[in-house]
Each structure stands twice: as C-alpha cells, then as structure tokens.
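*Asks:* quick one, structure for this:
(chains A and B)
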Amino acid sequence: MSEPTAITLTIDNRTLTAHKGQTLLEVARANGIEIPTLCFLEGLSPHGGCRMCIVEVEGVRNLPTACTTPAEDGMIVRTRTAQIEAQRADILQLFLSEHTSSCLVCDEKTECKEFMPTIRKAGVTTGCRYCPKDGQCELQAVTEKMGITNIDYPIAYRGLRVETEDPFYDRDYNLCILCGRCVRMCQEVRTANVLAYKNRGRKAIIGPAFKRTHLEAGCEFCGACVAVCPTGSLREKARAWEGKPEREEITTCTFCGVGCQLRLLVKGDRVIGSLPAEDALVNRGQLCVKGRFCNTELVNGHQRIRNPYAMEGDIPKEISWEHAAALAAEQLSVCAPEDFAMLASSNLCTEDLYIAQKFTRVAMKSNQVDTTARTFYGGAFNAYLDLMALGVPLSAVHEADLLLAVGLDSRFGRSVVGVALRGAVKRGAKVVSIHPRSHSYSLFADPWIQPRPGEEAGILEDLAHAVKAGESSPNPEVDRAAQLLKAAQRPIILLGSEFMQYTSASRVLDAVRALARALGAGVMPLPPQNNLQGSLLAGAYPELLPGGAALADAAQRTRMEAVWGAGLPTELGDWNAWSLPEGKRTKVLYLLGELPPQGPKPADFLIFQNIYPPAGFSVPDLVLPAAASTEVDGTFVNGEGRIQPVRRAVAPPGNARPDWEILCHIARKMGVPGFDFKNVTEIREEMAHLIEVYREDGEEDGARRPRPYSGTGRLSATVCPLPEVSGAGEFLLTVNAVEHIHRGFPLSAWVEGSKALLTEGLLEINPADATEAGICQGDSLAVSVGNIEHVWPAKLFRDQPRGTLNASLREWATFSPNPLPVRIRKAHV
Amino acid sequence: MGCDTRTSTSAAPAEYRDLFQEFKGQEGELITILVRVQERFGYISEESLKQISRFLKLSENQIFGVASFFSKFRFDAPGTTSIKVCMGTACHVHGGSQLSDAVGWRLGINFGQASRDGRFDFQRVNCIGACALAPVVVVNEQVHARAMVTSMQELLESHE
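*Replies:* Numbering: from 1, shown residues only, chains lettered A, B, ... in the order given. Here you go, the predicted structure:
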C-alpha cells in the first residue's frame, strides 16, 4: 500500500496537515478543534444524520456535515460562525421538541439536582426522572454545551408505548433521536440485522419487521445497541437506575470457552454492569448475551450464600468458618480414600481446580476427583482432546476462506464467533454448516446440510471420503460442500456442541479429524465450559495428573512427589462423574461448584460449596459459601489455550471466600502440610513446577498466547452408561445437555432475563406435530419408549423439523441411545 | 410418519419460484421484487418477507425497513371490494372527509386498512382528476359522483 497523500487545509484560520481519505471531523478532532456530534461514533460508518457537525466550507453551497465530508487539499473550513451556531441551535431544538426534555430545559434544572423542588407531587421526592441516562446522556451534554434553555418549536411528543416485552433491555422510542447508531451497530458491526429504520418522516422508528419483538426477530441480545445509544432510549433493565460507575476492571468472562475480555463496571462494592473490552486477541469489542447481561445478575443475586451453615436435623444453622472447617475435617479424617469423591466444576479457576485435585490426592490420598465435563463429552472425550490438540486460534476465522461449522449455533452462546463468521461471509468466505435444526447460520450457510438426527456422522464420513478419495456422495449438498472444501485455500472447522451427547459423538469427532487431516484444515473446538483446558491441565480427573499427564506417568509422579513432599495414591478408584446419574453412593461427596444429582442423596455426608443454595435438590450436610468469578483472582485457559486472568473487582458478599482458600483451610484443619498458600500467585508458582504452559506463561511475553492442548494422558471415556433401550415410535427424540451452566446451575435459575432465551427442561416440538397430537404451548408431554416414560412441558418451536423432538436438559442422561425413536402423548394432569 | 425433516428449509413454494425466476438474487433487485410480490399477492405478507429474505439472503428486518419506507407497499391483505375516497382539494371542500368518516364508522376501520371480514378495503386517494364531480368515491374502479353520506350507506350495503 502506498503512503496516504498528505494535504494541507485551513480550519478556523489554522493551517493543518492531514492525509487524503480523512474526513473533516477526523482532521478537526485530531487537532483539538471541537465539533459537536450526536450520531457519529468511531467504528461505525459516518451517517450525517444529526447534523450537529455542520461546518462552512468556502466554495461549497449550504453547510455540509463534517463527519461525511472528505478533507481536500486547500479547503478553507470554519466550524463556528454565528450562522453555524444558530443553525445548530435550531436543529437541536427540533430534536428537543420531540424529546421529553424537562431535564434539559426546565427552569428548575439546577435546583432540582440538589433540592428537587417541583409543583408536581411525584417530583417532590424523585425529580422528573423518566430517563435513566440523566448525567450520562450525550444529548444532555450537547444541549448544555450549546446553552439551549428554551425550545422555540411546538412540542410534539410522540407518546409511544415503552417496549418492555423483551428480556434484558427496554426501549423507549420517545427518547430516540434517530441517530442510527444502534442500526449501524447491528447491521455493520454485529451484522445481525435485527434493527432497521421503519416507516418514514414523522413516523420513522427503529425496530425489527412488523411489530415483532426482538426475540422473535432473531436478536442475539448482545446489547451492543444499548451500549452505543446516546440517550436513554435503550436501557438495561438491571442497570438503568444505577447511575454512573465509579471504576472499571478488566477480567475474563466465565460463561464459555471463548474467554471474552470484559470491562466490569463497579459502583461501591457492587458490579453494576459488564461491557466488552476492546481486546484485539479474542472478542474484539464484542460480547454475547451471557457476558453482557447475565454476569451482573448472577453475582448480585440476593440469595447468594453469605455464611457457612450446617444442617441440624432439618434446620440449617449458620456457623463460623472455624467451626465449618472443623466439621469437614472431622468427617474427612475418618474417610477412607475409596469412600471420598470430589466433583468439581470446570467453571472454576485453574488454581482452584489445582488445589481441588491436590486436596483429593494429598489430603484424602484418593484419585476420585472429577468434573462434569466427563458426562458432557461422554464417549467422545478423548476424541475431543485430540481435536483440542489441533486447535487454531480465533484469528484463523478472520483469515479463513471456508468455514465448516459442525453442530454450532452461536445465537446466544459464543456469539462473538458468529460475528467473526458473518464478517468472513462479508469478505467473500464460504460457510458450510451441518446442523439438524434451523440455527444462526441457516440463512447464509451455503450449503446448509441438515441431517436427520443420527445421520450426522455418516454425512461427515461421506464428506471426508469425498474430499479424500474424490468419490461423489448420493447427497448433492454433501457433494457441493466437498467441492467447496477441496477448492478452499484456508479452510477451518468450527466445532459446536450439538452432537456431543449423541451416541454417534465419537464417530462425528473422528470424521471431523479425518476431514481436517485430509484438508490440512485447522480445527476450532468451542467448549461451553470456560475452563475445560484448565481443568485438564490442573489434573482434576482421576486419570490425569497436573499437566494433563497420565496417572501412571512416572516422570510426572516423581516431580509431583518432590514438589508436594507427599506420596501419591496409585489406585484409580471406581468412582467418577458418571457414578452420580447411575445412583452410586459414597461416604463423603464434596461438591465444588456443582449441584447434587436429582433423586436420592448421593452420599452419607454431603459437602456443598457454591455461590447459591442448592434449592430443590437433596439437602447437603455442610454448605460453604464460595466467592463468584468477579470476586476472585485467578486464571482460565480458554478453548484456544490462552491463559487469561480473572481479576477481583469487588469483595465477596458476607463471609464467602474463594474456593481454593476454603479447601486449604480444611486441609490445614486436617493437619495436612502443603496448603499454606496466601494468594493465587503462590499457587501459580507451585503449578509452574508441574504444568508446562503455566511455567511458560510466567516468562515474559508468554501471557495470553494461544497453545493447542498438550496433555498426554487419556481418559477412560464412557458413553452414557444407562442401559440401552429400543423401541419403535413415530418421533425421533434427541437430548442435549444445556450449555449455559455455571457452577452447576443453569443460568436461567438465577438470571431472570435468560429464562426467555436460555431454556432448559422443555421439549421442543414442531407446531404442526403438536396440533396433530392436540398439544398446546406448555402442555405436559409424555415421551415413552418401551415402559420408560418421561414428562416434559412442550415448547412449540417452528424450527424443529417435523417428526423430531429435542430436549435440552441439565441432567441429560435420560435415555440411551440418543437419538431414539419414541412415542408421544399428551400427559393428563 | 413424520419423515419430512425438511419443512423448515423447504425450497420456495412454486408461486415464489416462478416469481423469482427473472431475478439473480442480488440485493439491488429488492424493490423490483417487492413490487412484483405486491402485484401478485396484493400485499407483502410475513410469508412473502420470509421467502424474499431467503432468496436474497437479506434479513427480514432489513427488507421490512426498505418496504415500509414506501407508502406503495402494504403489509395486510386487501379487502375484496376496494373503496377509495377522494381527498383532493375539490372533494375535500365538498365534504370528502365526511364521506370517509362515514365509511370509517360503518366498517370500523381507517385509511389503508381492510375490514375485519376482509370484504372491504378502504383507501384515500389524492385527486382522481374528476373534480367537477366532487365529492367522488371510487368503488371497484367505478366512480360515484357527488356522493353523499346517506348514499354511502346504500353503496356499502349493495356490496355486502
């Protein structure tokens, strides 16, 4: 690329140099000349809609807008003349004539801030606050700067209904100034195309087609539009009246393996909001609904556990930490290694998971520590590890010319990947998607291969075959996809979790691997567990030692014995995460950020350590309050293998403590040496001796570098151990594990807004099938095969293909095999 | 047997396939396609929007945004009997608005809407060039000169 041509122009009698291609606004701002703007926003295309930035250019008729006028050599520009100021003031008054503007031009404005004197009743205590942006509003700032105190135009409020029907944010278009930032954000940056201008002139308004809600219109609820709104038109339900944040903290999102960088907004001792950080490595200033909206509500819930408590009979009794640790130590000291089990969450920091396995191996002399990732990946776990070893960083999506998405839907989870993918389509890349249902890529994937559940492995194998051997497939779409894949220069394969719980999962993953090898393509596994790699590297599995080494790995064992100064247990044990759905009972079960299974109590003594109480499940004997992800320091390893920091933004509520601290406290109480850590840095120092990537990360410029998974150990992977059933039926049922799990809880349990988006425990059925079976939305639907029957509420879903059913469940191991032909009937209550 | 798994992705119905035949599927053809769809079906339905969206690979919201900008496009089914009340200057002076009020009250609808039973379609026009006959009402392309509120009643009944 050639150097941009330098030009010289005059703005407000100052001779300035700029380069060709810059707009007048850019040149002016670069040189400290202030021009007011409302619709302008860096990163979006210039719009020229608000007309606040009008300037005078010699030789040009009228007053052009600075944001859309390219700077030319020799231009003479004036930004503040009496005429310009008068016109700007006029235009602003026109805005205000439609905008409820008492906060802008009221006589009592100054006094109101302090004393709130008004003649109206409501105003006496509250002021006229119908807009939550008071003090943070850009329209207000511009009005004050221009000194507008009166509106010369007739007032023409639109009197529109405030739209509150969608989750997470409300829309009051009475406050809208049609700057179009949200539309441009939605169309240009997110390319989600949910928002558009509707109608024209006085009736112009922003929204989706017809009178659809954002949910119906395919909105991803990323909140990017809310963040750029200059007025109070778009407002977060949860943050609306919180006012200005006091400080910010950059941290890593904890809701999936993408590992977006967040900017937490903190006020006092509370996190009041989270916005995307301008991070070049991972999310590039974007977030999904979980990172954007669910974080705040999850960590601020009033039902958080604040104090340890023990059950005395049926009554919970709050106790001190000393007492709690003593109680746990008393039970654990007499517990034999084979009678102890710990189920940890792969949402915890690597440091916590490292301490968890050290606690199990050193204090309990057992290897029975596991995470629920085992049940999520089932028989395909090892195949998934193999693909993680081929992992490519997210930046590959930005460079690829063909993207094959396997079972990936990025509407609500991982939507930053969806943004990158749509961006790739925009620059001419092809997207091929394999997914059984209509999903976020169905409009632009070409081709979209839609397998009937159970056919997906065959299709991928055909595809691999067609690419390798050049044989054609009977399916013309598979053929076309194979042609595209063969022609691609830089193909990559993105792996979602749609097929992970299918009985064919390992066949699917093996086919993906074969395909990747044949194409020389990179694979990007997108685990829904935010710290899956961390849990593997920490060794939080019976078969794995820290560093992901096998349990029998002699070299690693010697190293560990030297660092820990303790002997290691050799027995693998016969307990793992599958033991819970199977109903196996142990003496002591330590749930570290996990929930007890539905059904009878899984242990004689149940220790439950989490951020929320285990409502609706078997009652634990000891409950320990843990600190949430915004309240701890630590690291996560994302799907690309980047070690990313989590930072403590606020103090935990009540007496809650970080997970590692609680475990160390109990270990010390048991008299076990080697748990005297004062902070996570000390833990990381010890980890660096045993985990290679953590050693590298401590070195300079190692931070946040992507590293494909390097563990050598293998898991004894088990397919869902439930007995296989067979039966005939006219419907094909697929069961998926819900992805939006945090510390064992589905997000919908504690985040109100996510109930509408991230559903679980519902049976999706095509409306036409439902009508034939006489089923309405929400009716109880009995699904049976042989003599097994399960009842779920029905969700009529127009994208569910005819003749199939889909259930997303927290405890997905219900039927085996998966998918399974079943019969349905309306359950009578 | 519910073996048709392809309902949600089925190719465009035959009538849309015919309609889209002359187009290449490029963004720039949107307005022409909208015009053709309205000619064919009388309005832009949710189904039409979905089919156009799939054909052009544009979101339904964007298409609606474009279509709603033009007053030519309507989004609800037109009624069978079309009633157009002239609101041009001459007709207005001769009481055109009383006529439109009368139609509106009787059918319970406003300009640009169809009656609930789908039998009447109510539009305003701004001068049909028959000012000498003001006020004018056009029912199914037939011009009724010097219409009166009382005659509107009969006119509507005769088409019921």
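*Asks:* the nearest residue in space to residue A:58 that is not next to it in sequence pairs with what?
*Replies:* Using C-beta to C-beta, 6 or more residues apart in numbering or on different chains and skipping residues adjacent in sequence, the residue nearest residue A:58 is residue A:76, 4.1 Å away. From N, CA and C alone the C-beta is placed, and that goes for glycine too. Beta-bridge pairing for residue A:76 (DSSP bridges): residue A:10.
*Asks:* for chain B, what are the nearby residues on chain A?
*Replies:* Counting by C-beta under 8 Å from any C-beta of the partner chain, chain A comes close to chain B at A:187, A:192-200, A:208-210, A:217-218, A:436-438, A:442-444, A:448, A:450, A:452, A:730-731, A:766, A:768-769, A:798-804.
*Asks:* one more time with 7 Å
*Replies:* Of all the residues in chain A, those in contact range of chain B (C-beta under 7 Å from any C-beta of the partner chain) are A:193-200, A:208-210, A:217, A:438, A:442-444, A:448, A:450, A:452, A:730-731, A:769, A:799, A:801-804.
*Asks:* list only buried entries from those residues.
*Replies:* Among the residues of chain A next to chain B, those buried by neighbour count (16 or more other C-beta atoms under 10 Å in any protein chain shown) are A:193-198, A:208-210, A:217, A:438, A:442-444, A:448, A:450, A:452, A:731, A:769, A:801-804.
*Asks:* torsion angles phi and psi at the spatially closest residue to residue A:797 that is not a sequence neighbour?
*Replies:* Using C-beta to C-beta, 6+ apart and skipping residues adjacent in sequence, the residue nearest residue A:797 is residue A:764, 4.2 Å away. Dihedral pair for residue A:764: phi -80, psi 130, per degrees, to the nearest 10.
*Asks:* same deal with residue A:446?
*Replies:* Torsion angles, degrees, to the nearest 10, at residue A:446: phi -140, psi 100.
*Asks:* do you know how far it is from residue A:416?
*Replies:* Distance of residue A:446 to residue A:416, computed by C-beta to C-beta, to the nearest Å: 22 Å.
*Asks:* and the two? which has more neighbours close in?
*Replies:* Higher neighbour count among residue A:446 and residue A:416: residue A:416, with 26 against 16, using other C-beta atoms under 10 Å in any protein chain shown.
*Asks:* gap between that one and residue A:817?
*Replies:* 34 Å.
*Asks:* which of the residues of chain A next to chain B fall within strands?
*Replies:* A:196-198, A:448, A:731, A:804 (DSSP state E).
*Asks:* pick out whichever of those sits closest to chain B.
*Replies:* residue A:196 (3.0 Å; C-beta to the nearest C-beta).
*Asks:* show the contacting residues for residue 133.
*Replies:* Since no chain was named, I'll use chain A. By C-beta atoms under 7 Å, 6 or more residues apart in numbering or on different chains, residue A:133 lies in contact with A:231-232.
*Asks:* please refer instead to chain B.
*Replies:* With the criterion set at C-beta under 7 Å, 6+ apart, residue B:133 makes contact with B:145-146.
*Asks:* go again using 8 Å as the cut-off
*Replies:* By C-beta atoms under 8 Å, 6 or more residues apart in numbering or on different chains, the residues touching residue B:133 are B:143, B:145-146.
*Asks:* and of these, the nearest to chain A?
*Replies:* Nearest to chain A out of the contacts of residue B:133 is residue B:143 (C-beta to the nearest C-beta; 30.2 Å).
*Asks:* pull the residues that contact the helix or strand hosting that closest one.
*Replies:* Here residue B:143, judged by DSSP states H and E, is contained in strand B:142-144. Outside strand B:142-144, the residues within contact range by C-beta under 8 Å, 6+ apart are B:128, B:130, B:133, B:136-138, B:151, B:155.
*Asks:* other SSEs contacting the helix or strand following that strand?
*Replies:* As assigned by DSSP H and E, the chain's next helix or strand after strand B:142-144 is helix B:149-158. Applying 3 or more C-beta pairs under 8 Å, 6 or more residues apart in numbering or on different chains; DSSP states H and E, one finds that helix B:149-158 contacts helix B:96-107, strand B:137-139.
*Asks:* can I get helix B:149-158 in PDB, CA atoms only?
*Replies:* Output of helix B:149-158 as PDB, limited to C-alpha atoms (Å, rounded to 0.1, in the frame of the first residue of the first chain):
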ATOM      1  CA  VAL B 149     -73.200  10.300   3.400                       C
ATOM      2  CA  THR B 150     -76.600   8.800   3.000                       C
ATOM      3  CA  SER B 151     -75.800   7.300  -0.300                       C
ATOM      4  CA  MET B 152     -72.600   5.800   1.100                       C
ATOM      5  CA  GLN B 153     -74.800   3.700   3.300                       C
ATOM      6  CA  GLU B 154     -76.600   2.200   0.400                       C
ATOM      7  CA  LEU B 155     -73.500   1.800  -1.600                       C
ATOM      8  CA  LEU B 156     -71.800  -0.300   1.100                       C
ATOM      9  CA  GLU B 157     -74.900  -2.300   1.600                       C
ATOM     10  CA  SER B 158     -75.200  -3.100  -2.100                       C
END
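*Asks:* buried sites along it?
*Replies:* Those would be B:152, B:155-156, for helix B:149-158 by 16+ other C-beta under 10 Å.
*Asks:* so residue A:646 versus residue A:627, what's the distance?
*Replies:* 11 Å.
*Asks:* now the residue of the stretch 301-450 of chain A found nearest chain B: closest residue in space that isn't a chain neighbour?
*Replies:* Of all residues in the stretch 301-450 of chain A, residue A:438 sits closest to chain B, with a separation of 4.8 Å (C-beta to the nearest C-beta). Once flanking residues are discounted, residue A:438 sits nearest to residue A:799: 3.5 Å by C-beta to C-beta, 6+ apart.
*Asks:* equivalent analysis for residue B:111, please.
*Replies:* residue B:124 (4.6 Å).
*Asks:* could you pull out the helices for the stretch 301-450 of chain A?
*Replies:* Secondary structure of the stretch 301-450 of chain A (DSSP state H, counting those that start in this stretch): helices located at A:321-333, A:350-358, A:373-377, A:381-389, A:395-399, A:415-426.
*Asks:* quick one: mean pLDDT for the fourth one?
*Replies:* For helix A:381-389, mean pLDDT is 93.
*Asks:* now the last one
*Replies:* The predicted model gives helix A:415-426 an average pLDDT of 91.
*Asks:* same deal with the fifth one?
*Replies:* Mean pLDDT, taken over the full extent of helix A:395-399, equals 89.
*Asks:* most tightly packed of the helices of the stretch 301-450 of chain A?
*Replies:* Highest mean neighbour count among the helices of the stretch 301-450 of chain A (mean count of other C-beta atoms under 10 Å in any protein chain shown): helix A:350-358, with a mean of 29.
*Asks:* which strands and helices sit next to that helix?
*Replies:* strand A:340-344, strand A:369-371, helix A:532-538, strand A:634-637, helix A:659-669, helix A:680-690.
*Asks:* for chain B, which segments count as helices?
*Replies:* Shown for chain B, the helices assigned by DSSP state H span residues B:14-20, B:30-41, B:46-56, B:60-69, B:89-93, B:96-107, B:149-158.
*Asks:* which stretch in the ones you listed has the least confidence?
*Replies:* helix B:149-158 (a mean of 85).
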